[in-house]
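[1] okay, predicted coordinates and the sequence, questions at the end:
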Amino acid sequence: MGKLRVLSPRGDDEKEWLRQDAVSVEVARALFLEHQRNGFAAFAKVNGGHELIKSFDPDAEEILIVGPLAG
């Protein structure tokens with residue numbers, strides 16, 4: 001099972017998917033793409049750390065979505 005976590009000032013939103021369930025994968029992918037279009041960055045959990053990703057990976061254990069930083 002994978003988990004997509006969207007970090008925001010309102011708190012974290014989570015969406016889980018099962019790799020063998022095409023519908024749950026597509027729901028998570030659509031959420032990923034929606035945030036990506038809005039300038040959010042995505043990081044996949046890899047070997048205890050996180051790595052920037054540009055496309056949805058249904059095999060990822062966890063994906064963190066982080067909003068754009070103002071500066």
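    Sure, I can see it. Numbering: from 1, shown residues only.
[2] identify the residues contacting whatever helix or strand Glu26 lives in?
    Glu26 is located in helix 22-37, with elements delineated by DSSP states H and E. Under the contact criterion Cβ atoms under 8 Å, 6 or more residues apart in numbering, helix 22-37 has outside partners 2, 4, 6, 15-19, 42, 54, 56, 58, 63, 65. Where C-beta positions appear, they are placed from N, C-alpha and C, glycine not excepted.
[3] narrow those residues to those that are buried.
    Among these, the ones that count as buried by 16 or more other Cβ atoms under 10 Å are 2, 4, 6, 15, 17, 42, 56, 58, 63, 65.
[4] tell me which two of these sit farthest apart.
    The span of the buried ones among the contacts of helix 22-37, defined through Cβ to Cβ, is set by Val6 and Pro58 at 16.9 Å.
[5] where does pLDDT dip in the chain?
    Applying pLDDT under 70 to the chain flags residues 70-71.
[6] of the buried ones among the contacts of helix 22-37, which belong to strands?
    2, 4, 6, 15, 17, 42, 63, 65 (DSSP state E).
[7] circling back to that earlier point, I'd like the contacts of helix 22-37 written out as a markdown table, with distance to Glu26 added.
    Shown next, in a markdown table, are the contacts of helix 22-37 (distance: Cβ to Cβ, whole Å):
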| residue | distance to Glu26 |
| --- | --- |
| Gly2 | 13 |
| Leu4 | 12 |
| Val6 | 17 |
| Lys15 | 11 |
| Glu16 | 13 |
| Trp17 | 9 |
| Leu18 | 12 |
| Arg19 | 12 |
| Ala42 | 17 |
| Lys54 | 18 |
| Phe56 | 10 |
| Pro58 | 9 |
| Ile63 | 15 |
| Ile65 | 17 |
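[8] farthest-separated two in those residues?
    Leu18 and Lys54 (23.4 Å).
[9] okay, and the beta partners of Gly2?
    Judged by DSSP bridges, the bridge partners of Gly2 are Trp17.
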